[in-house]
Structures are given as structure tokens and as C-alpha cells.
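J.: model this:
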Amino acid sequence: MWESTEDLKRLQELLDRSAAQMSSAQLRHIFPPERHLTAEEVVALFPTRQVGAMATVTSAGEPRVAPVDLLMLRGRLLASTPASSWRARHLAARPAVSVAYFDGDDTAVIAHGTAALLRPGDPGFADADAACRAVYHSSVTDWSPDGCYILVDADRLYAQSRRRGSR
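T.: Okay, here's the model as predicted:
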């Protein structure tokens, strides 16, 4: 919805690179080539918001996972949170992040990478805010005085659907 041709090309390159670097037999079993989604198909999974899970890491190296609303913006996953939340504090100190979206047993999108917190005035905030206003009819700053967006820059992205080919 908010992706340019260049965004889709970058996303497809990431999907292809991630698939080529799968080193685990289990991962290759779960994400077989005939079920891989294209960049266009991944973007189509996020026409508005979807609920997924985001994992961050505490200062003690302990993982923390919690539900999150996800949007796709310019080929990257986007979420929102108050800057004072534990999630935002974890990401500010340790930007490593994993995100998962599932639709039952049929569809899975898993991203690993780094996250950037976008606060009002930061580059990229206006684009994220416009997308969220289009979907939610409000801004993160409307529901939280210290609201910010989380933009995931994935270095690995796996996407598959058992329904692929039956669409």
C-alpha cells in the first residue's frame, strides 16, 4: 500500500537472500521453496494492521515477547509503543529484535534484525504517522504523550504460506 517499486525490489532481495542462507534443516522444512512468498505477497498480508509478536532483550540478556500491532511501511514492519515502555527501553539500549506474524498454520512471516525508534521530529516519523493515521484514524501521539514508532530493519525475513498457489 505504501511501497514503491524500489521498496518491493529491496524486500524481494531480502527474502531471496534470507532463503538462500537458511542453514537449518528444520527452517528449510518449515519454509520450503514452493511456499515462499514474494515481496508483493508479503505486502498484501498487511493491507491494514495485523497482530503479531515482538521479542526484545533485557539488560540481563533475557528475551521478552509481547503482542504488537504490525503494519507494513515501505517494505518494513512498523509497530508503535510509548517511549517509556519496557519494549522501547530495551530497543533503545539493544536494538536487536525479532518479529513474528502467523495466520494459523497457513501463513508465517518471521523477521530478525534491528529496530529504530521514531519519535516526533525524527526522519521517518511523518511517514509512519501518516500510515498509522490512515489505518487507525489517530496517531501514536494521540494515545500516548511519549508515543513512538518502531521501524524494523530486517536482515533476515522468512515468509511462507501453505495456501500459496491456491490464491
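
J.: quick check: next helix or strand after the helix or strand containing Asp142?
T.: Assigned by DSSP states H and E, Asp142 belongs to helix 140-143. The first helix or strand that comes after helix 140-143 along the chain, using DSSP H and E, is strand 147-161.

J.: report the mean confidence score over that next one.
T.: Averaging pLDDT along strand 147-161 yields 97.

J.: can you check stretch 121-140 too?
T.: Stretch 121-140 comes out at a mean pLDDT of 94.

J.: can you check stretch 58-76 too?
T.: On average, stretch 58-76 scores 96.

J.: how far does that stretch stretch from start to finish?
T.: 24 Å (Cα to Cα, to the nearest Å).

J.: kindly report the same for stretch 116-133.
T.: Start-to-end, stretch 116-133 (Cα to Cα) is 20 Å.

J.: torsion angles phi and psi at Asp106?
T.: phi -90, psi -40 (degrees, to the nearest 10).

J.: which residues does the residue nearest to it when sequence neighbours are not counted contact?
T.: Counting by Cβ to Cβ, 6 or more residues apart in numbering, Asp106 lies nearest to Arg162, which is 4.8 Å off, once chain neighbours are set aside. The C-beta positions use only the backbone N, C-alpha and C, and glycine is treated the same way. Contacts here follow Cβ atoms under 8 Å, 6 or more residues apart in numbering; on that basis Arg162 touches 35, 105-107.

J.: now do Arg162 against Gly147, distance only.
T.: 36 Å (Cβ to Cβ, to the nearest Å).

J.: what of Met1?
T.: Taken as Cβ to Cβ, the span from Met1 to Gly147 is 22 Å.

J.: also Thr58?
T.: Taken as Cβ to Cβ, the span from Thr58 to Gly147 is 22 Å.

J.: and for Val42?
T.: In terms of Cβ to Cβ, Val42 sits 26 Å off from Gly147.

J.: of these two, give the one with the bigger neighbour count.
T.: Just comparing Val42 and Gly147: by other Cβ atoms under 10 Å the higher neighbour count belongs to Val42, 26 against 22.

J.: surely that one meets Leu15?
T.: Yes: using Cβ atoms under 8 Å, Val42 is in contact with Leu15, at 7.1 Å.

J.: what sits in contact with each of these two?
T.: 157, 159.

J.: please enumerate the strands of the chain.
T.: 50-57, 63-73, 76-82, 96-103, 107-118, 147-161 (DSSP state E).

J.: quick one, which of those is packed in tightest?
T.: When these are scored by mean count of other Cβ atoms under 10 Å, the highest mean neighbour count falls to strand 76-82 (a mean of 23).
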